[in-house]
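Novice: need coordinates for the following:
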Amino acid sequence: MKLVLLFGPQAVGKMMVGQELEKLTGLKLFHNHMTIDLLHPFFGFSKEMWRLSGMFREEIFKSVASSELEGLIFTYVWAFDLEEDWAFIQKLTGIFEEAGADVCFVELEADVAERLIHNNTPNRLTHKPTKRNLAESEGNLKETMEKHRLNSREGEIQRASYLRINNTNLSASETAELIQSRFAL
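Specialist: Below you'll find the model as predicted:
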C-alpha cells in the first residue's frame, strides 16, 4: 500500500497531477475538495464544515489503509506556519504507516502567475464547485498566500520519500511521470 501526499499552494496543479498519476498507477485520487464541496452547500466555509470534513477524511483514510486497495493519492494545501496542519499530516501519515503503507511526500510549487492561470481552468472548475466564483477564488488564493507559508523551507521535511517539483513549466502528465519514476509507482 502507498499513500502519495501531494501538497502545495492553491491552484498549483495538485488535482490535475493527481488525476494523471491515478491514470499511470491505478492508485485512487482523493482530492481535498471532495469533502469540502460535499459539505459547503450545507455549512459554507464554517467551523462545522471543517470539522465534518476532517472527520470524513479520517474515516476514509482508515478504511483505505485497512483495505485491499493498492493505495491513495491525497491532495492538501499545507500551511507550514500552522501547528494544526502539521498535526493533521502526522495523523494522516500515522494511519497509513501503522497499516504498513509507504508514504510518499510530493511538494509542488509554481509561480503565482501560473497558479492564477490554473485557477481558471475548465478541469478545476468542473471538479471544484466552490472555485467557480473566480473573483472570490482568486482573492482567496492571494490572501492565503500572504497570510500563510504554503511551501516548505529547504530541509524542513525530513523524509527519505520526499520529492519537491517546481511544475511552473511542466504539464500535469510530465509531473506525474516524475513522481511515478521517483517512487516506482
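Novice: Pro129 contacts Asp37, correct?
Specialist: Yes - when contacts are counted by C-beta atoms under 8 Å, Pro129 is listed as touching Asp37 (5.0 Å). Every C-beta, even on glycine, is put in place using the N, C-alpha and C of the backbone.
Novice: pull the number of nearby residues for Arg51.
Specialist: 12 (other C-beta atoms under 10 Å).
Novice: packing partners of the helix or strand in which it is found?
Specialist: Element membership for Arg51 (DSSP states H and E) is helix 47-65. Judged by 3 or more C-beta pairs under 8 Å, 6 or more residues apart in numbering; DSSP states H and E, the packing partners of helix 47-65 are strand 28-30, helix 33-43, strand 71-76, helix 83-98.
Novice: overlap in contacts, Pro129 and Asp37.
Specialist: Overlap of the contact sets of Pro129 and Asp37 (by C-beta atoms under 8 Å, 6 or more residues apart in numbering) is empty.
Novice: on that earlier part again, figure out which of the helices and strands packed on helix 47-65 is closest to Asn169.
Specialist: strand 71-76 (20.6 Å; C-beta to C-beta).
Novice: what is the closest one packed up against?
Specialist: Checked by 3+ C-beta pairs under 8 Å, 6+ apart, strand 71-76 has strand 2-7, helix 14-25, strand 28-30, helix 47-65, helix 83-98 packed alongside it.
Novice: nearest to Arg182 among these would be which one?
Specialist: strand 2-7 (10.4 Å).
Novice: how about residues contacting that closest one?
Specialist: Outside of strand 2-7, the residues within contact range by C-beta under 8 Å, 6+ apart are 14, 17-18, 21, 27, 65, 70-78, 89, 92-93, 96, 101-108, 179, 183, 185.
Novice: any of the residues you listed buried? List them.
Specialist: Among the contacts of strand 2-7, the ones that count as buried by 16 or more other C-beta atoms under 10 Å are 14, 17-18, 21, 27, 65, 71-78, 89, 92-93, 96, 101, 103-108, 179, 183, 185.
Novice: can you point me to the longest strand in this structure?
Specialist: Scanning the chain for the longest strand, with DSSP state E as the assignment, gives strand 102-109.
Novice: quickly run through the sheet partners of it, with directions.
Specialist: The pairing partners recorded for strand 102-109 under DSSP bridges are strand 2-7 (parallel), strand 162-166 (parallel).
Novice: most tightly surrounded among these?
Specialist: Highest mean neighbour count among the strands paired with strand 102-109 (mean count of other C-beta atoms under 10 Å): strand 2-7, with a mean of 24.
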